[in-house]
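Asks: Let me see the structure of the following:
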Amino acid sequence: MKYHTKTQRELRAHERRARLIAELHRQATANDLSAQDKAIRADITKRQETVFWMSIAGAFIVALGSILALLAMM
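Replies: Residues are numbered from 1 along each chain as shown. Next up is the predicted model:
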C-alpha cells in the first residue's frame, strides 16, 4: 500500500511540475511576442520617418530647380 501511495505522490508532483513548466512557457512566449511587436513597430516608425524626410528633400529639389529655371529664363 505504501508503494502505491508514493507513486501517486510522485505522479501528482510530476503533474504540478508539468503545469508550472507549461505556464512558464506561455509567459515566455507572450513576452517574446511582445518584444517582437515592439521591434516591428519601431521599424515601421523608422521607415515612415525616412519616407517623410525623403519627400521633403524631393520637394525642396523640385522647388530649387523651378527657381533656377525661372532665373535662367530672365
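Asks: so where's the protein uncertain?
Replies: Scanning the chain for pLDDT under 70 picks out the ranges 1-4.
Asks: Show me the strands in it, by range?
Replies: Counting by DSSP state E, the chain has no strands at all.
Asks: Show me where it has its helices.
Replies: Counting by DSSP state H, one finds helices in the chain at the ranges 2-73.
Asks: Please identify the buried residues of stretch 32-40?
Replies: For stretch 32-40, burial by neighbour count (16 or more other CB atoms under 10 Å) applies to no residue. Heads up, the C-betas are built off the backbone N, CA and C, glycines and all.
Asks: hmm, who's touching it?
Replies: For stretch 32-40, contacts defined as CB atoms under 8 Å, 6 or more residues apart in numbering pick out no residues.
Asks: so how far is that stretch from its chain's centroid?
Replies: 2 Å (CA atoms, centre = their mean, to the nearest Å).
Asks: Kindly report the same for stretch 55-69.
Replies: On CA atoms, centre = their mean, the centre of stretch 55-69 falls 37 Å from that of its chain.
Asks: got it, and stretch 20-27?
Replies: 21 Å.
Asks: before we move on, what about stretch 46-62?
Replies: 25 Å.
Asks: Give me the buried positions along that stretch.
Replies: For stretch 46-62, it's none, nothing buried (16+ other CB under 10 Å).
Asks: Can I get that stretch as PDB, trimmed to CA atoms?
Replies: Coordinates of each C-alpha in stretch 46-62 appear next as PDB, following Å, rounded to 0.1, in the frame of the first residue of the first chain:
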ATOM      1  CA  LYS A  46      11.700  54.500 -38.700                       C
ATOM      2  CA  ARG A  47      10.600  53.700 -42.200                       C
ATOM      3  CA  GLN A  48       7.800  56.300 -42.100                       C
ATOM      4  CA  GLU A  49      10.200  59.000 -40.900                       C
ATOM      5  CA  THR A  50      12.600  58.100 -43.700                       C
ATOM      6  CA  VAL A  51       9.800  58.400 -46.300                       C
ATOM      7  CA  PHE A  52       8.800  61.700 -44.800                       C
ATOM      8  CA  TRP A  53      12.300  63.200 -45.000                       C
ATOM      9  CA  MET A  54      12.900  61.900 -48.500                       C
ATOM     10  CA  SER A  55       9.600  63.500 -49.600                       C
ATOM     11  CA  ILE A  56      10.700  66.800 -48.000                       C
ATOM     12  CA  ALA A  57      14.100  66.600 -49.800                       C
ATOM     13  CA  GLY A  58      12.400  65.800 -53.100                       C
ATOM     14  CA  ALA A  59      10.000  68.800 -52.800                       C
ATOM     15  CA  PHE A  60      13.000  71.000 -52.000                       C
ATOM     16  CA  ILE A  61      14.900  69.900 -55.000                       C
ATOM     17  CA  VAL A  62      11.900  70.400 -57.300                       C
END
